[in-house]
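Peer 1: What follows is a predicted structure for the sequence shown.
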Amino acid sequence: MIQAPDLPLWASLLVAVLLLAGAAVTLTGSLGLLRMKSFYDRVHPPTLGSSLGMVLVVAASILCFSVLRSRPSVHELLIAFFLTLTTPVTFMLLARAALYRDRMEGREDVPHDDA
Amino acid sequence: MMRRLVPYPLLAIGLFGMWLLLTQSVSVAQTLLGGVVAIIASHGMRLLRADRPGVRAYRPLLRLAPIVVADIMRSNLAVAKIVLFPRRDRVSSFVRLPIALQSPHGLTLLALILTATPGTMWLQFDRVRRELIVHVLDLVDEEDWIRLIKRRYEALLIEAFDS
């Protein structure tokens, strides 16, 4: 980060706020992962990091590098696009695996195929 | 003619745009190179014999996009609130959602929307009964929730993919 001193004050403040907000949202999501009781509840909070948390960090990056290079830097939007498209696949795989296991174990609190 | 030259136009346009974004340049050389890569890649896709997305109308998708973005942001705050200030009376539950949408691509999009939104999670689609199993973190009223999903997302997806 050699160029960082060139960032004007208003931009550094804004970038810092966006980054910290993104980190806080992601941390909240991780906290939820820790605190929720069941597997199916636990799958939900980490999506905070891959949605709002990610958007805030991407916005900070766009702002920071657009100001530094004095031209729009928008290729970070690809991160937002592909992350939104691909993380649900992993979440679904995990949840499907859990559902399969719970059905095999004959648990009553999960929906069954022929219920 | 156009179809033979560029078999998957949407994919080719997407790849071309991605190329320009990644190289961060619109010079003649990069534009040509990106175009060639996009066309070759879309021919590669033809070898995979992938189904075409079959989008019948783009307008409903354009209308859907801001709704989804707004809902994802709102759900973020709602789930953050649940994590930071847990409520005793919160009920999380599986919901069976009868679905009228036919197109597999439309269903894929619905799966992505529901799962990318914090608080809802797509688990299974029953092809025979045409029913979704969705897990909801904070379920207040099941009937209301089903109506909301059908009206907010499914109606637009049916317009875009099925009609």
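Peer 2: Here it is on my side, so go on.
Peer 1: Report the central residue of chain B.
Peer 2: What sits nearest the mean C-alpha location of chain B, by Cα atoms, centre = their mean, is B:Leu109, with 2.8 Å.
Peer 1: Walk me through the regions of the chain where pLDDT falls short of the threshold, as ranges.
Peer 2: Went with chain A since none was named. Counting by pLDDT under 70, chain A has low-confidence residues at A:1-5, A:114-115.
Peer 1: try chain B instead
Peer 2: Scanning chain B residue by residue, the ranges that satisfy pLDDT under 70 are B:1-2.
Peer 1: excluding its backbone neighbours, what's nearest the residue nearest to the centre of chain B?
Peer 2: The spatial neighbour of B:Leu109 that comes closest, neighbours along the chain excluded (Cβ to Cβ, 6 or more residues apart in numbering or on different chains), is B:Leu157 at 6.3 Å. Heads up, the C-betas are built off the backbone N, CA and C, glycines and all.
Peer 1: any idea which element the one you found lies in?
Peer 2: Taking DSSP states H and E as the criterion, the element that holds B:Leu157 is helix B:155-161.
Peer 1: In chain B, mark out all the strands, start to finish.
Peer 2: Under the criterion DSSP state E, chain B contains strands at B:93-98, B:120-126, B:131-136.
Peer 1: ok, residues contacting the first one?
Peer 2: Same thing as strand B:93-98. Strand B:93-98 is contacted by residues A:40, A:110-111, B:123, B:129-136, B:139, B:142, B:145-146, B:149-150 when judged by Cβ atoms under 8 Å, 6 or more residues apart in numbering or on different chains.
Peer 1: Any of those residues buried? List them.
Peer 2: For the contacts of strand B:93-98, a burial check counting by 16 or more other Cβ atoms under 10 Å in any protein chain shown picks out A:40, A:110-111, B:123, B:132-136, B:139, B:145-146, B:149-150.
Peer 1: show me what contacts A:Ala80?
Peer 2: Counting by Cβ under 8 Å, 6+ apart, the residues that A:Ala80 touches are A:54-55, A:58.
Peer 1: contacting residues around stretch A:9-27?
Peer 2: Surrounding stretch A:9-27, the residues in contact under the criterion Cβ under 8 Å, 6+ apart are A:4, A:7, A:48-49, A:52-57, A:59-60, A:63-64, A:67, B:76, B:80.
Peer 1: longest helix in chain B, by residue count?
Peer 2: Of all the segments of type helix in chain B, defined by DSSP state H, the longest one is helix B:59-84.
Peer 1: what residues does chain A put near chain B?
Peer 2: When proximity is defined as Cβ under 8 Å from any Cβ of the partner chain, chain A approaches chain B at A:25, A:28-29, A:31-32, A:35-36, A:38, A:40-41, A:43-45, A:47-48, A:50-52, A:73-75, A:77-78, A:84-85, A:87-88, A:91-92, A:95-96, A:99, A:110-111, A:113.
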